[in-house]
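Enquirer: Quick check, what structure comes out for this input:
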Amino acid sequence: MPESQQPARVAFYFSPHADDWQLFMTPAAFHDAMDANAHCVFVHMTAGEAGLGLGNGGRKHPLYRAREHGSESAIRFMADARGGMPEPPIVDAVRYARQTVRRVRYRNTAAFFLRLPDGSPEGTGYETTGYRSLKRLAEGMIGTMAAIDGSASYRGWPDLVSMLRALLVAESGGLVPDVHVPESDVALNPGDHADHLFTARAVLEAAAGLPARIVHHVGYASAERPENLAPAGRDLKCAVYAVTAAGVAAFDHPAAWRQYDNLYAGRDYSRAEERGAAAS
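Expert: Numbers count the residues shown, from 1 in each chain. Below you'll find the predicted structure:
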């Protein structure tokens, strides 16, 4: 089916940082991005810049751009895996619920970058970015939260949830989507990054009452579980992360390949639930 036509299905991957969908939501993401009949949407919630904001940490490029470049490279790699000549990506900005978000379209994929400040593992935020985090916004400890580049500003948690809901509805195009999120049940996913947990919370609130298949992915805790991927799935996951790491390195920042390979490459723990539309 030509990619200009209506897709047969839609899949969303909500990634707290620009390497989380690769680490915890692949190989599912690979299969969806490679499927020309699917509209595959990647939503990157934070800049993942570890408190640097727009800074570069002494490197040639800002850290947030290096991480975005890694994710964009991996998405193109997956979409190109079915064959055909590479195409130039289409980069623009779109508005949902009065907020501006950077978008990169490529074949059947769309990647959105909200560029919210990295909230730190505990959700306390960093001094250099005003102690702003998803956790602190959700809990009312801060009243507003802006993207690090000033492209958007959210007046409280409900404002962020409203934008995500608008994005979900618009990009679903009337189809019932698969929505991939970090696992928010701390009994199943103990010790995870606060940005992971509050990304899940925001998306689940945004999707409330909408028909969807929600897929919850275990994060850091998966490293403590046995490897469960078949060799083919492990290979796909390794390939995607290798391209991500190369994309980060191309922008003069290091990527921890060996640590990733030891902890997450052979593991993929998730659960799915069907959600129908709320009764009217």
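Enquirer: And for R136, the neighbour number?
Expert: 22 (other Cβ atoms under 10 Å). The way it works is simple: take the backbone N, C-alpha and C, and place the C-beta from them, glycine included.
Enquirer: ok, it to E122 distance?
Expert: 11 Å (Cβ to Cβ, to the nearest Å).
Enquirer: mind checking the SS state of A11?
Expert: Secondary structure for A11, judged by DSSP: H, G, I helix; E, B strand; the rest coil, is strand.
Enquirer: In this structure it contacts D32, no?
Expert: Yes: using Cβ atoms under 8 Å, A11 is in contact with D32, at 4.2 Å.
Enquirer: Which stretches in the stretch 51-200 of the chain count as helices?
Expert: 63-80, 134-138, 157-172, 194-206 (DSSP state H, counting those that start in this stretch).
Enquirer: Adding mean pLDDT and distance to W21, write these out as a markdown table.
Expert: Shown next, in a markdown table, are the helices of the stretch 51-200 of the chain (pLDDT from 0 to 100; distance: least, Cβ to Cβ, whole Å):
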| stretch | mean pLDDT | distance to W21 |
| --- | --- | --- |
| helix 63-80 | 98 | 8 |
| helix 134-138 | 98 | 17 |
| helix 157-172 | 98 | 15 |
| helix 194-206 | 98 | 11 |
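Enquirer: Flag the helix or strand of this structure with the lowest per-element mean pLDDT.
Expert: When the helices and strands of the chain are scored by mean pLDDT, DSSP states H and E, helix 257-263 comes last with a mean of 79.
Enquirer: continuing past it, what's the next helix or strand?
Expert: Moving toward the C-terminus from helix 257-263, the next helix or strand (DSSP states H and E) is strand 270-275.
Enquirer: which residues sit in contact with L167?
Expert: L167 is in contact with V43, Y96, V101, F112, counting by Cβ atoms under 8 Å, 6 or more residues apart in numbering.
Enquirer: show me where the chain has strands.
Expert: 9-15, 38-46, 90-96, 99-106, 109-116, 145-146, 153-154, 178-182, 212-217, 270-275 (DSSP state E).
Enquirer: Pipe those into JSON lines and attach distance to H61, mean pLDDT and mean neighbour count per row.
Expert: JSON lines is the format used below for the strands of the chain (distance: least, Cβ to Cβ, whole Å; pLDDT from 0 to 100; neighbours: other Cβ atoms under 10 Å):
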{"stretch": "strand 9-15", "distance to H61": "20", "mean pLDDT": "98", "mean neighbour count": "25"}
{"stretch": "strand 38-46", "distance to H61": "17", "mean pLDDT": "98", "mean neighbour count": "26"}
{"stretch": "strand 90-96", "distance to H61": "16", "mean pLDDT": "97", "mean neighbour count": "13"}
{"stretch": "strand 99-106", "distance to H61": "16", "mean pLDDT": "98", "mean neighbour count": "18"}
{"stretch": "strand 109-116", "distance to H61": "15", "mean pLDDT": "98", "mean neighbour count": "24"}
{"stretch": "strand 145-146", "distance to H61": "21", "mean pLDDT": "98", "mean neighbour count": "22"}
{"stretch": "strand 153-154", "distance to H61": "25", "mean pLDDT": "98", "mean neighbour count": "18"}
{"stretch": "strand 178-182", "distance to H61": "27", "mean pLDDT": "98", "mean neighbour count": "25"}
{"stretch": "strand 212-217", "distance to H61": "29", "mean pLDDT": "98", "mean neighbour count": "20"}
{"stretch": "strand 270-275", "distance to H61": "33", "mean pLDDT": "94", "mean neighbour count": "12"}
